[in-house]
Every structure is written in structure tokens, then in C-alpha cells.
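[1] Prediction below, plus the sequence it came from.
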Amino acid sequence: MITTKNALVILVLGSVWGVAEIFAKDLFGSLGIGGTTVWLAAWAIVLLSIGRGLWNMIGSSTLMGLIAAAFKFIGPSPNHCHLLGIATLGLFFDLFASSLGRQPQWWRHALVGVLTAFSARAFFVWYSVSIAQSERWIEGGSQMAFDHIVRGGAMVGVAALLLAPLGFRIGKKVAGMLSESPAHDLLTADHR
């Protein structure tokens, strides 16, 4: 059921993810930290897991990804590749969480995170080479694709083994706390 709480959770988590997408590259660069896409993907999986733990609804993770991608329009020089990468993370997380993550078992949640990490990166490379025909990805060849999918995916996947189950657990705990509070819900209230 769509409630004000659920809608607000998705909006807030998607916005937190989107803000990170805007500022992380410059922040990490100033601190001398590389691998920004890996860090951001791991952060996204944490937020997606928390969101899904709070509201286990098909489409909610995709919506979070779209909200986060929308923030890239605010940042300097929005890149269509980045928009696709962000939205794809939300979509693949949604697909795997809807099929595997509905049972509250930590290993299923970990698998959702790992499969999301590799699938989103593989789809991004396929799209960039085959559909968008991005010069950068075509010239980078198979080594660039391998680095992005396998090396980057492995780093995000290892992080997801811990972070996805943790995020689902945090989300469930917060959902339990929110359900105990007698807040008035504007979307389901009977307005007479």
C-alpha cells in the first residue's frame, strides 16, 4: 500500500543517493580517493536495501534510482551515461529484490546485492557499446569492459555481501519503529 511514510522514505533515500552522486566525485578527488563509481554503487546498495527493508514493494527501488538520477541534472554537466548507471542500479536491485529478496533471509539479501552489482555494470557496458556507441567505451575495448564489470563489480559485490543484508535489517527495524507510531497518513485518510 502506498502511504505517506512509504512515499517519503523513497523520496528521502533517493535524494540522499542523488546528493551523493553530485558531490562524491569532487569530494573523493580532493581526498585522493579513487574508484568513485565503486563507492557510489556500494552506497546505493545500502540505501536501496534500507528502502526495500522499509517498504518491500515492487517498483520502489526503481523509483529510488530515478529520483537519484534526477539529481544529476542539478549537478555540473549532467552525463547521460551517469544517469543510465544510476537508474540501472535501481532497476536491477528492484528485479532481484522482487524475486529473491522477499524472504527475510540474509543470504538472499546478500545475493540481491551481488547480482545487482554485476548485472547493472554489465548492462551499462553493453548499452554504452552497443546502443549508445560511446567512443570512450568502444576505444577502451574489452580491457575497459572487463575492469568495469569484473573488477569493479567484484569490489561492489564483496561490499554488497555485508551491506545489503545490513541495509535490509536496518530498514526492517525502522519500519517496525514507524509502524508503532500513530502518525496520521494523508494518503490513506478518509477526507469527508
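    Perfect, thanks for sending it.
[2] From here on, just use CA atoms for contacts and neighbour counts.
    Will do.
[3] which intervals of this protein have sub-threshold pLDDT?
    For the chain, residues meeting the criterion pLDDT under 70 lie at 75-78, 101, 181-192.
[4] quick one: the residue nearest the centre of it from residue 145, how far?
    Residue closest to the mean C-alpha point of the chain, counted by CA atoms, centre = their mean, is residue 44 at 3.7 Å. To residue 145, residue 44 is 21 Å away according to CA to CA, to the nearest Å.
[5] Then residue 95?
    Distance, residue 95 to residue 145, using CA to CA: 23 Å.
[6] try residue 72
    Residue 72 is 23 Å from residue 145, by CA to CA.
[7] Could you do residue 6 as well?
    As judged by CA to CA, residue 6 and residue 145 stand 37 Å apart.
[8] Please apply the same query to residue 9.
    35 Å.
[9] Could you pull out the helices in this protein for me?
    Here the chain has its helices, by DSSP state H, at 4-30, 36-54, 60-71, 80-99, 106-126, 135-146, 153-180.
[10] in the first one, what's buried?
    Residues of helix 4-30 classed as buried: 5-6, 9-22, 25 (neighbour count, 16 or more other CA atoms under 10 Å).
[11] and what of the fifth one?
    The neighbour-count criterion (16+ other CA under 10 Å) identifies 106-125 as the buried residues of helix 106-126.
[12] neighbours of the residue lying closest to residue 83 once chain neighbours are set aside, just the number please.
    Using CA to CA, 6 or more residues apart in numbering and skipping residues adjacent in sequence, the residue nearest residue 83 is residue 69, 5.1 Å away. As a burial measure, residue 69 scores 28 neighbours (other CA atoms under 10 Å).
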